[in-house]
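Colleague: here are the coordinates; sequence isn't available:
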C-alpha cells in the first residue's frame, strides 16, 4: 500500500524510561527498566506472555503510573503529571493502535478517524476533511460512511491507523496491531503503519509476539521477567 507523503511533519520527541518498576499485587511486571528511544525510531518490544511488554507500553504512554522510576517525553516528565495532564498528553501527542482496533461501532469510518481532532477542539468540517484525506492515503476512499461492522479486518485496522496518525503525534503506540489479522493482511497493515509514521517523523513503538511484525522495525527490545534482556538495532 502506498500513500502520499504528508505536507507537514509531526513534532517528534525522544522517549525515555529510567528505573521503571511496576507491580500488580505480589507480581512484579517491570523491574528497574531503563530504555531510551530516539525521536523517529521504530522499535518493537517482544517477549513471552507475562514478560511485562504491555505494562511497559502502558507506562511509556502514561496510561499506567510506575511504582518507581520515571518516564520522560523530551523535557516533559510524563510519570509525574497529574491524571488530567496525562490524559491531555495522550490526546495531543500520542497515537494508539490496538489489536481489536477499538473503533466506535456507532460512528462511520471518517468520524472515527476524526475523533482525536474533535476531542482537541478542531472544527468539525476541518476534522472530517483531514480524516478523509488520511483515509484516501490508506486506500480507503469511498468507505468514509461505512461503520466498523461493514469493514473487513484489514480495512478496519487501516481506519484505526488513520485515527492514530491524523493528529500527527510525536509517538505512536501499537499493541499487537496485527494480532487479529492473517499474515498477508498483517504485512499490509505494518507497511502502512511504518511508512506513515516514518513520513511524519513520529516515534513508533510496537508490542508484538510475532517476529514477522517485529521485522518491520529497525530496533528490537526483548523483555524477560520484567527486565530488558536484549536490545538490538538492525
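Modeller: Perfect, I can see it now. These figures come from a predicted structure and were not determined experimentally.
Colleague: Just the helices from the protein, written as ranges.
Modeller: Listed in chain order, the helices of the chain (DSSP state H) span 53-60, 83-93, 109-119, 124-137, 153-165, 183-200, 211-214.
Colleague: so what's the backbone phi/psi at the residue sitting furthest away from the middle of the chain?
Modeller: With distances taken as Cα atoms, centre = their mean, the residue sitting farthest from the centre of the chain turns out to be residue 26, at 28.9 Å. In this entry, residue 26 is assigned phi and psi values of phi -90, psi 0 (degrees, to the nearest 10).
Colleague: Could you shift the numbering so residue one becomes 17, and keep it that way?
Modeller: With the count now opening at 17, the last piece we talked about shows up as residue 42.
Colleague: show me what contacts it?
Modeller: Residue 42 makes contact with no residue, according to Cβ atoms under 8 Å, 6 or more residues apart in numbering. Quick note: C-beta positions are derived from backbone N, CA and C, even for glycine.
Colleague: try residue 241
Modeller: Counting by Cβ under 8 Å, 6+ apart, residue 241 touches 47, 67, 68.
Colleague: Surely the last one and residue 244 touch.
Modeller: Put plainly, it is residue 68. No: Residue 68 lies out of contact with residue 244 (Cβ atoms under 8 Å); the separation is 9.5 Å.
Colleague: Between the two, which contacts overlap?
Modeller: Contact with both residue 68 and residue 244 is made by residues residue 49, according to Cβ under 8 Å, 6+ apart.
Colleague: So these two - more neighbours on which side?
Modeller: The residue with more neighbours, out of residue 68 and residue 244 and counting by other Cβ atoms under 10 Å, is residue 68; that gives 25 against 21.
Colleague: Find the nearest non-adjacent residue to that one, please.
Modeller: What sits nearest to residue 68 in space, not counting adjacent residues and going by Cβ to Cβ, 6 or more residues apart in numbering, is residue 242, at 4.1 Å.
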